[in-house]
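Colleague: Next come a sequence and a model predicted from it.
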Amino acid sequence: MRRHLKEAGLPEVEFKFTTFFTVIFKRSRITLKMKKPIGRMEKFGIKGNRLKRILSILDILYKAEPFSITDFAAKTEVTPRAIEKDIEFLRKQGIIEFQGARKTGRYILTEKGEKLWKENLL
């Protein structure tokens, strides 16, 4: 069990022994460790449509294309708030940052974000 968890990049389990024994599985933090290209990725820490949205955001930012939260929300058929949460997630992970003035600025990939993108997605 420990070997499989380690191979999957998950936290170690904790065993407690009393009259019974208990195994405690700890939740892993969401990270952006991507080991396979976008089309064949199996594990990411987040799933489904949110994963697709985050990868699309990263792709747009990597290509330095114009990015508008409202336009992207309409394109992906979700609320702008959902896109803001995805951006906040990426910002907290240190993958992207906002550069420039509030009205005229834009999001860019950080050094960490570019390294992740180049090493794991191209």
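Modeller: Received, thanks.
Colleague: Could you spell out which stretches of the protein belong to which domain?
Modeller: Listed domain ranges for the chain are 1-30, 38-120 (source: automatic domain parsing).
Colleague: does D59 count as helix, strand or coil?
Modeller: helix (DSSP: H, G, I helix; E, B strand; the rest coil).
Colleague: number of nearby residues for it?
Modeller: 13 (other C-beta atoms under 10 Å). All C-beta atoms are positioned from the backbone trio N, CA, C, and that covers glycine.
Colleague: related to what we said a few turns ago, please identify the most buried of the domains of the chain.
Modeller: Among the domains of the chain, domain 38-120 has the highest mean neighbour count (mean count of other C-beta atoms under 10 Å), at a mean of 14.
Colleague: How far does stretch 51-64 sit from its chain's centre?
Modeller: Stretch 51-64 has its C-alpha centroid displaced from the chain centroid by 10 Å (C-alpha atoms, centre = their mean, to the nearest Å).
Colleague: lowest-confidence stretch among the domains of the chain?
Modeller: Lowest mean pLDDT within those: domain 1-30, a mean of 76.
Colleague: and the residue of the chain positioned farthest from its centre, helix, strand or coil?
Modeller: Distance from the centre of the chain peaks at T19, with 40.8 Å (C-alpha atoms, centre = their mean). For T19, the assignment made with three-state DSSP gives coil.
Colleague: Could you do the one 3 residues further on as well?
Modeller: Three-state call for T22 (three-state DSSP): strand.
Colleague: Which residues are in contact with it?
Modeller: Residues in contact with T22, defined by C-beta atoms under 8 Å, 6 or more residues apart in numbering, are F15, K16.
Colleague: what about stretch 66-86, start to end distance?
Modeller: Its start and end residues considered, stretch 66-86 measures 17 Å (C-alpha to C-alpha, to the nearest Å).
Colleague: Give me the contact list for that stretch.
Modeller: Contacts of stretch 66-86 (C-beta under 8 Å, 6+ apart): N49, R50, K52, R53, I54, S56, I57, I60, L61, I87, R106, Y107.
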